[in-house]
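> Curious how this folds, go ahead:
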Amino acid sequence: TTRPNSPSAPPDGAEALLARVVGATDAGETAAALEALAAAWADRSGPWLPPLAEKVAAAPHLEAAAGLLAEGNLAARIARRALGKAAPRPPSIPRAPKPPKPPPEYAVDRTLPRAVLGGVTTWVDSPAGLLSAAAAVGAAPRAAFDVEFSAAGGVATLQVAVDGSAWVIDGRLDLGPMLDALGGVDALYGFATGEDLKRLGRDLPATDLQRRAGGTPSLQRVVAARLGLFVDKRLQCSDWDARPLSPEQLAYAALDAEVLLRLADGYG
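Below you'll find the predicted structure:
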């Protein structure tokens, strides 16, 4: 048997990292998630690459993401191996160097002003705290929500925002009262809500702002285009099952919900 701390053991958060690759909404997010996954596995020994590549092959934007990765690095090797599993590739043929390509349409200008959290954020890890937050949300005219996934397949955190306040809720709680409150607000917003609602087990009447944007762009890209702000997604692949969450994780999660209210205003 493999000891948990031996080099060939899966790294901490391996399943959450893999879920980010498979659940990414465009090539840019897929490439970033692959980089994070590769970094976590880089110091592992043993034949871990083939089984990992088989799981990565389920990523819908893998082909485009592979073209964004530096040839020969570990993330590119994982992507190429996964593409070989999904659809055998012909032997490569040497080609003449091509001129540099223009930035892809989903590239985001990192020099834009950074989106920062406004209002008050509260961490909720008790039933009493959940009921208090649900009461506040139920009294608000509008709300937005987002979910961070657990490596175990459920909800790690549910983040909810109303104008001026946000709550990051421990997914291990009974989320029923908050889901009831969200279902009763006059206007509810989410982004790429399909997997979020599936994990919550509730069909909330939410406006999916990704659909309003058209296609399947990332939240980072839509906020940049509509609001002229840069949303830092570096913590997207962090360990959301960890307790306590870091202050940076709490701010990241709350912003993912709060910025949806600003985005809804941006659409008018």
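
> and the closest residue to T25 other than its chain neighbours, how far is that from E63?
With Cβ to Cβ, 6 or more residues apart in numbering as the measure, T216 is the residue that lies nearest to T25, at 4.9 Å, once sequence neighbours are left out. Any C-beta I mention is one placed from the backbone N, CA and C, and that applies to glycine too. With distances defined as Cβ to Cβ, to the nearest Å, the gap from T216 to E63 amounts to 15 Å.

> Repeat that for A82.
From A82 to E63 the distance is 10 Å (Cβ to Cβ).

> Likewise for L69?
As it turns out, when the distance is counted by Cβ to Cβ, L69 lies 12 Å from E63.

> and if you look at V108?
V108 is 21 Å from E63, by Cβ to Cβ.

> residue ranges for the strands of the stretch 151-268 of the chain, please.
155-162, 165-170, 187-190, 207-208 (DSSP state E, counting those that start in this stretch).

> Tell me the neighbouring strands of the last one, and mark each as parallel or antiparallel.
Read it as strand 207-208. Counting by DSSP bridges, the strands paired with strand 207-208 are strand 187-190 (parallel).

> List the buried residues for the partner strand?
If you call a residue buried by 16 or more other Cβ atoms under 10 Å, then strand 187-190 has these buried ones: L188, Y189, G190.

> OK, contacts around Y189?
Going by Cβ atoms under 8 Å, 6 or more residues apart in numbering, Y189 touches R142, A143, A144, F145, A206, T207, L209, L260, L261, L263, A264.

> May I see these organised as CSV, with neighbour count, pLDDT and distance to P247 added?
Conversion of the contacts of Y189 to CSV gives the following (neighbours: other Cβ atoms under 10 Å; pLDDT from 0 to 100; distance: Cβ to Cβ, whole Å):
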residue, neighbour count, pLDDT, distance to P247
R142, 17, 98, 27
A143, 28, 98, 23
A144, 29, 98, 21
F145, 27, 98, 21
A206, 21, 97, 28
T207, 17, 97, 30
L209, 23, 97, 27
L260, 27, 98, 21
L261, 21, 98, 22
L263, 22, 96, 24
A264, 18, 96, 27
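
> Can I get these in CSV including distance to P177?
Shown next, in CSV, are the contacts of Y189 (distance: Cβ to Cβ, whole Å):
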residue, distance to P177
R142, 19
A143, 14
A144, 18
F145, 14
A206, 17
T207, 22
L209, 25
L260, 21
L261, 21
L263, 26
A264, 24
